[in-house]
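Chemist: Structure here, sequence nowhere to be found:
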Ligand SMILES: Nc1ncnc2c1ncn2[C@@H]1O[C@H](COP(=O)(O)OP(=O)(O)O)[C@@H](O)[C@H]1O
Ligand SMILES: [Mg+2]
Ligand SMILES: [Zn+2]
């Protein structure tokens, strides 16, 4: 919408008047909805790298894990807000976990007008840590308020940083508050949720058993086992250093 010229339908009031015989009724003008969607998309802070990600352009040529994962994502959007669990996408690097998660929040914004927020796990910890710095402009509440308030929080790469007690407490506080408010989290992680496998690759080791059991209550686990999508399109011989 050109800011200089008012909306030809509602004259920037945000309401369109529908005349039906002798009756008039006001409905939200399209320009209002469009502006709201634009604002929500900005506030979601989807990184540039993932701006192109939609559910539509997530390719699933075979009926494999990825095909199932996309189905779960589409159903989630269709059913929202009548869902009581979020989703935990788990799988190796490059299989499209973040792509699908971003596709979900994008559709929730565009189709359902929901407020969503993307946060990389490491960035979140850094931002909270930075808020304790007396020189920093931000306060802990400034950082945490949107994380606690967004209808849907996308926490990308959970466990990507070594967990200290402080990290566990912080994430526990965030998840606990959201759990109590019945707010949904969508999570991606490269770490397997396999309690038998207590090596460094298990999610339990990375985030602790208390947090993991909370996550199991909050999220449906969706495993994505496939090859790195980016390798499929590399020309042969590219990137081979001998
Ligand atoms: N099935 C797919 N269809 C289309 N693009 C994909 C697919 N899987 C991955 N990509 C693209 O490959 C790149 C890596 O995917 P990403 O979601 O970052 O993987 P992950 O989060 O699992 O590490 C992204 O640019 C993403 O858009
Ligand atoms: Mg990712
Ligand atoms: Zn209008």
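Modeler: Perfect, thanks for sending it. Fair warning: this is a prediction, and the values are worked out from it, not measured in the lab. Numbers count the residues shown, from 1 in each chain. Ligands and ions are numbered 1, 2, ... in the order given.
Chemist: Who is the residue nearest the centre of the chain paired with across the strands?
Modeler: Nearest to the geometric centre of the chain sits residue 154, at 2.7 Å (Cα atoms, centre = their mean). Note on residue 154: beta-bridge partners residue 118, residue 186, judged by DSSP bridges.
Chemist: Would you quantify the distance from it to ligand 1?
Modeler: 11 Å (Cβ to the nearest ligand atom, to the nearest Å). Heads up, the C-betas are built off the backbone N, CA and C, glycines and all.
Chemist: repeat for residue 9
Modeler: Look at residue 9 and ligand 1: by Cβ to the nearest ligand atom, they are 36 Å apart.
Chemist: Next, count neighbours for that residue.
Modeler: Residue 9 sits with 14 neighbouring residues when counted by other Cβ atoms under 10 Å.
Chemist: show me what contacts it?
Modeler: For residue 9, the contacting residues are 16, 29-31, by Cβ atoms under 8 Å, 6 or more residues apart in numbering.
Chemist: Could you dump the residues you listed into JSON lines and include pLDDT and secondary structure?
Modeler: What follows is the contacts of residue 9, written out as JSON lines (pLDDT from 0 to 100; DSSP: H, G, I helix; E, B strand; the rest coil):
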{"residue": "16", "pLDDT": "94", "secondary structure": "strand"}
{"residue": "29", "pLDDT": "94", "secondary structure": "coil"}
{"residue": "30", "pLDDT": "93", "secondary structure": "helix"}
{"residue": "31", "pLDDT": "93", "secondary structure": "helix"}
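Chemist: Isn't the residue nearest to the centre of the chain up against residue 121?
Modeler: No: applying Cβ atoms under 8 Å as the test, residue 154 and residue 121 come out as separate, 10.4 Å apart.
Chemist: Common neighbours of those two, please.
Modeler: By Cβ under 8 Å, 6+ apart, no residue touches both residue 154 and residue 121.
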